[in-house]
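Participant: Next comes the sequence, and after it the predicted model I'd like to discuss.
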Amino acid sequence: MTKVTGLAFTGDRVAELREFEIGEPGPTEVRLRVQASGICGSDLHTYDSERGLRAPGTDTLLVAGHEPSGIVESVGSEVRDFAVGDRVLAYHILGCGNCYNCRLGYPVVCTSVDERKAYGGERNGGHAPLLLVEQRSLIKLPDELSFADGAMIACGVGTAYSALRKTGAKTGDRLLVTGLGPVGLAVTLLASTFGIEVIGADINPVRAQEATHHGASHVILKTGEEALAEIMAITGGLGVNAAIDCTGAAAARELCIEASATWGQVVFVGVGRSTITFDPTVQVIVKMLTIRGSWVSSQAEMQELTGILARRGVHPDSLVTHTFELADGVEAYELFAGGASGKMAFTF
Ligand SMILES: [Zn+2]
Ligand SMILES: [Zn+2]
């Protein structure tokens with residue numbers, strides 16, 4: 001056991017630095033020396049909750065944070081593919097490893113009620129200097145990429161890549177991205193890297209500026225019919241080949257469907273709760289439209305993405321607008337929960 005200071009959520013929007021004991025790695029685990037740990041919108045669910053972040057069925061506080069990257073510090077007796085000193089990131093959900101979805105590489109949709117555990121969810125996360133990770137969650141981080149790149153890939157950029165891949169968009173295609181928060185910006189960065197023309201849509205001018213900086217060709221600061229008219233003007237009345245909604249808001253989801261060209265591919269990745277109505281005959285059947293959902297990514301996609309980014313010299317750490325030391329973790333979460341825009345991360 002090693003005593004470390006980690007960031008805990010004690011409930012009702014309170015983060016506290018607490019002492020945690022991190023054990024030696026089990027047979028199939030490694031212990032990471034965490035180097036970067038992202039702060040993500042989905043952390044706010046537990047931060048805001050009355051219960052805070054605790055081990056299931058107990059009062060025991062857990063270390064928060066689900067976007068870790070670091071250096072392997074020690075390995076369990078049965079760890080084969082990772083060694084002390086390896087640079088890695090962790091896919092942030094540990095599945096059972098045996099169910100159909102785990103075998104597809106998607107532990108995010110693991111069907112085991114007891115064994116599906118998120119780092120910084122049902123087991124300790126990355127907001128502490130040490131973290132125990134099962135070897136099957138690890139993805140090697142190429143030397144060309146920074147640890148902050150790794151932390152971004154571990155959640156939002158991996159999510160963006162999987163959504164983009166599901167659209168099948170290729171060089172020269174036009175892609176609408178609704179919602180230019182961290183995931184929307186990551187889609188913008190990746191798509192523009194691949195030669196896809198990005199039309200971003202958001203109502204926040206700061207985010208619009210960030211999208212232009214990350215490669216968007218056009219940014220629309222409108223919603224609804226006005227946004228649709230502008231997209232049609234940009235595309236000569238054709239609409240976009242692909243659209244990714246990163247908001248979960250009804251107006252943006254509808255815009256993705258309405259702005260799509262014939263044979264369009266729409267992917268919903270923003271998890272907001274909203275209901276939309278559309279006429280399948282007009283919007284789907286005669287447009288030959290495909291509408292898909294996407295949640296996080298497969299582990300294979302995350303691994304593939306690290307290689308692509310390293311070879312192309314693309315660094316998603318450019319999405320990070322605020323970095324903090326863990327000692328300032330309480331203030332970091334106050335700022336984040338207060339609605340400050342941008343992407344935040346701890347570096348160690
Ligand atoms: Zn996340
Ligand atoms: Zn499983």
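Facilitator: All right, it came through fine. As the structure is a computational prediction, the values presented were derived from the model and not from experiment. Numbers count the residues shown, from 1 in each chain. Ligands and ions are numbered 1, 2, ... in the order given.

Participant: for the stretch 1-150 of the chain, which spans come out with low pLDDT?
Facilitator: Within the stretch 1-150 of the chain, the set of residues satisfying pLDDT under 70 is empty.

Participant: Please, where are all the strands along it?
Facilitator: Counting by DSSP state E, counting those that start in this stretch, residue ranges of the strands within the stretch 1-150 of the chain are 2-9, 15-22, 29-39, 68-75, 87-90, 93-94, 117-118, 130-134, 138-140.

Participant: neighbours around the residue nearest to K222 when sequence neighbours are not counted, how many?
Facilitator: Using C-beta to C-beta, 6 or more residues apart in numbering and skipping the chain neighbours, the partner closest in space to K222 is E230 (6.2 Å). From N, CA and C alone the C-beta is placed, and that goes for glycine too. When neighbours are defined as other C-beta atoms under 10 Å, E230 has 17 of them.

Participant: ok, the residue in the stretch 201-348 of the chain that ligand 1 sits nearest to - contacts?
Facilitator: Nearest residue of the stretch 201-348 of the chain to ligand 1: V296, at 8.6 Å (C-beta to the ion). Listed by C-beta atoms under 8 Å, 6 or more residues apart in numbering, the contact partners of V296 are 92-93, 106, 108, 155, 158-159, 162.

Participant: Max pairwise distance over these: which two?
Facilitator: Farthest pair in the contacts of V296 (C-beta to C-beta) is Y106 and C155. Separation: 14.5 Å.

Participant: Comparing these two, which residue is more hemmed in?
Facilitator: Neighbours were tallied for Y106 and for C155 using other C-beta under 10 Å; the higher tally belongs to C155 (29 against 22).

Participant: I'd like to know how far that one sits from G38.
Facilitator: 6 Å (C-beta to C-beta, to the nearest Å).

Participant: Now the common contact residues for those two.
Facilitator: The contact lists of C155 and G38 share 66-67, where a contact means C-beta under 8 Å, 6+ apart.

Participant: Ligand 2 contacts on this structure?
Facilitator: 95-96, 99, 102, 110, 112 (C-beta under 5 Å from the ion).

Participant: Where is the longest helix in the chain?
Facilitator: With residue count as the measure and DSSP state H as the assignment, the chain has helix 299-312 as its longest helix.

Participant: From the chain's centroid, how far away is that one?
Facilitator: Remark: helix 299-312 is offset 14 Å from the chain centroid, using C-alpha atoms, centre = their mean, to the nearest Å.

Participant: What strand or helix carries L176?
Facilitator: Using DSSP states H and E, L176 falls within strand 174-178.

Participant: For the next helix or strand after that strand, what is the distance to the chain centroid?
Facilitator: Following the chain from strand 174-178 toward its C-terminal end, the next helix or strand by DSSP H and E is helix 182-193. Relative to its parent chain, helix 182-193 has a centroid offset of 11 Å by C-alpha atoms, centre = their mean.

Participant: what helices or strands is helix 182-193 leaning on?
Facilitator: Judged by 3 or more C-beta pairs under 8 Å, 6 or more residues apart in numbering; DSSP states H and E, the packing partners of helix 182-193 are helix 158-167, strand 174-178, strand 197-201, helix 205-213.

Participant: Perfect, I'm done here.
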